[in-house]
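**Student:** my questions are about this predicted structure, shown below with the sequence.
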Amino acid sequence: MLQSKLSTKTKREAPKDEMSKNAELLTRGGFIFKEMAGVYSFLPLGLRVLTKINNIIREEMDAIGGQELFLSALQDKSLWEQTNRWSDEVVDIWFKTKLKSGSELGLGFTHEEPLTRIMKDHISSYKDLPTFVYQIQTKFRNEVRARSGLMRGREFLMKDLYSFCKDKEEQENFYEKAKDAYKKIFERVGLGEKTYVTFASGGSFSKYSHEFQTIIPNGEDEIYLCGGCKKVAVNKDIWEEQKKCPECGSELYTEEKSVEVGNIFNLGTKFSESIGLFYKDNEGNSKPVVMGSYGIGPGRVMGTIVEVMCDEKGIVWPESVTPFDVHLIVVGDDEKTKKTADNLYEELKQKKVDVLYDDREASAGQKFADSDLIGIPVRIVVSDKTLKENKFEFKKRNENKFILLNKNELFERFK
RNA sequence: CGGGGCGUAGUGUAACGGUAGCAUAUGUGCUUUGGGAGCACACAGUCCGGGUUCAAAUCCCGGCGCCCCGACCA
């Protein structure tokens, strides 16, 4: 991609209406655009990151047997009345609208109800179970207070997986698999070190549900870390009743601000019984399907990555979700230098390296500043200076020093 | 929903009730080219609706919008 052709530009100044790091840097870099409070559009650079996050999630969901589907955003009122979740007194975050005929509709804030109804068409025997489906889809929640950029919006992307099992044992077995898949996802997107499996309230037949909480300075949640196994945490909500680590029994000692990047729930038979999703066991008895739900907000994950991985100059993307693999910069207006950079760009593309090539007629300083802001993990500089030694400058975004490499050494890095 | 702050060119900021200024971005020309280059010229603005006043960006009322703290967050 030629940067001179990129549809977006960077901004020198931080937007005055954004305080959070993620919103500030993503806006300045041209990744996102705020339409209104809590509602963001994703621009080409932002979509590249989001797509990579989504694909990592897809791979891990597919690996545990998930099958992707895509449900509608418009929701049928009568269906939600069956579970008593239509009323504004029960669910106060609905966005509701009407058909021309006057019938009420809602914009989905979650999808247990519609999916349970769909599965009534497809599950009737124990032989149909277990089955696992997921989607990456837009959710609408009329939050009283949107905040912190991508961290809490009114319209946002969610990956939601739903499990349908014969019994509690089968459900709990899958629940553990999902928990492991989630750990892998957060490791792969670069949040592994700061993300804790966190015990929280809820779950229909187990004592806890689990949240995945990433420690960030301005997080809206608070968790207590375990001093023993140092791998799990407890949500502040259940701190009073759970003062020791549920995993190893050690004291919980550090209180940290965090953001909930994922959660997993045992739903039991609440939805299957309300909506009528039953199956016949091998003795012909009718039984309700046991369900679970598993959520991750890809946009929130993107914001969290920025919060965790940035410095005073800009974003520092992990390789797994970066919009481009390499930022190639040409410095100087010597014809030969430009030609060399053009050639390098073509050669890298041929080697399937995803390159953003800053071919603009701009000063070196501006190119470096933009490069630091956009945060691509590897920068290659071609300049009159380095070409005198027949070398290229190779620098990682998260390191201060660069090294000089000749072309062969450079390509060694992209095998 | 309670509390606080704010709304001025595309963006970021100034202006006691009395000529709306600066920076940046953009355009043109010339000069520059390793950390957001220089000069010149040009383009471009007071959220909306009322009110007070000779005069309102400024004061008052209402609305809309944005941020932050808290409450809330299956």
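**Tutor:** That came in fine, so what should we check first?
**Student:** how about the closest residue to RNA strand B within the stretch 301-415 of chain A, secondary structure?
**Tutor:** Proximity of the stretch 301-415 of chain A to RNA strand B (C-beta to the nearest atom of the strand) peaks at residue A:365, 2.5 Å away. For glycine as for every other residue, the C-beta is placed from the backbone atoms N, C-alpha and C. At residue A:365, secondary structure determined by DSSP: H, G, I helix; E, B strand; the rest coil is helix.
**Student:** just the one 5 residues further on next, same as before
**Tutor:** When classified by three-state DSSP, residue A:370 comes out as helix.
**Student:** show me what contacts it?
**Tutor:** Neighbouring residues of residue A:370 by C-beta atoms under 8 Å, 6 or more residues apart in numbering: A:10, A:358.
**Student:** the same query, at a cut-off of 6 Å, please.
**Tutor:** Neighbour list for residue A:370: residue A:10 [criterion: C-beta atoms under 6 Å, 6 or more residues apart in numbering].
**Student:** ok, now which ones touch residue A:250?
**Tutor:** A:226, A:227, A:228.
**Student:** make CSV from those and add neighbour count and pLDDT to it.
**Tutor:** Formatted as CSV, those follow (neighbours: other C-beta atoms under 10 Å; pLDDT from 0 to 100):
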residue, neighbour count, pLDDT
A:226, 24, 91
A:227, 14, 88
A:228, 16, 89
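**Student:** let's see which of those end up in strands.
**Tutor:** residue A:226 (DSSP state E).
**Student:** nearest to residue A:303 among the contacts of residue A:250?
**Tutor:** residue A:226 (26.1 Å; C-beta to C-beta).
**Student:** quick one: that closest one and residue A:246 touch, right?
**Tutor:** No - counting by C-beta atoms under 6 Å, residue A:246 is not a contact partner of residue A:226; they are 8.8 Å apart.
**Student:** now residue A:51, what's its secondary structure?
**Tutor:** helix.
**Student:** can you give me the buried ones in stretch A:354-374?
**Tutor:** Across stretch A:354-374, burial judged by 16 or more other C-beta atoms under 10 Å covers A:355-360, A:367-374.
**Student:** go on, stretch A:101-119?
**Tutor:** Buried-residue list, stretch A:101-119, by 16+ other C-beta under 10 Å: A:106-117, A:119.
**Student:** quick one: which two of those residues are the most distant?
**Tutor:** A:107 and A:119 (21.8 Å).
**Student:** okay, now the sheet partners of the lengthiest strand in chain A, with direction.
**Tutor:** In chain A, assigned by DSSP E, the strand with the most residues is strand A:252-268. Here strand A:252-268 has these sheet partners by DSSP bridges: strand A:209-215 (antiparallel), strand A:221-226 (antiparallel), strand A:290-296 (antiparallel).
**Student:** in a markdown table: those, plus distance to residue A:401.
**Tutor:** What follows is the strands paired with strand A:252-268, written out as a markdown table (distance: least, C-beta to C-beta, whole Å):
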| stretch | distance to residue A:401 |
| --- | --- |
| strand A:209-215 | 29 |
| strand A:221-226 | 34 |
| strand A:290-296 | 36 |
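**Student:** any idea which of the ones you listed gets closest to RNA strand B?
**Tutor:** The nearest among those, by C-beta to the nearest atom of the strand, is strand A:290-296 at 4.8 Å.
**Student:** that closest one - what's its average pLDDT?
**Tutor:** For strand A:290-296, the mean per-residue pLDDT is 97.
**Student:** now the angle from the following helix or strand past that strand to strand A:252-268?
**Tutor:** As assigned by DSSP states H and E, the chain's next helix or strand after strand A:290-296 is helix A:298-308. Helix A:298-308 runs at 170 degrees relative to strand A:252-268, counting by axes from the mean of the first three to the mean of the last three C-alpha atoms, to 10 degrees.
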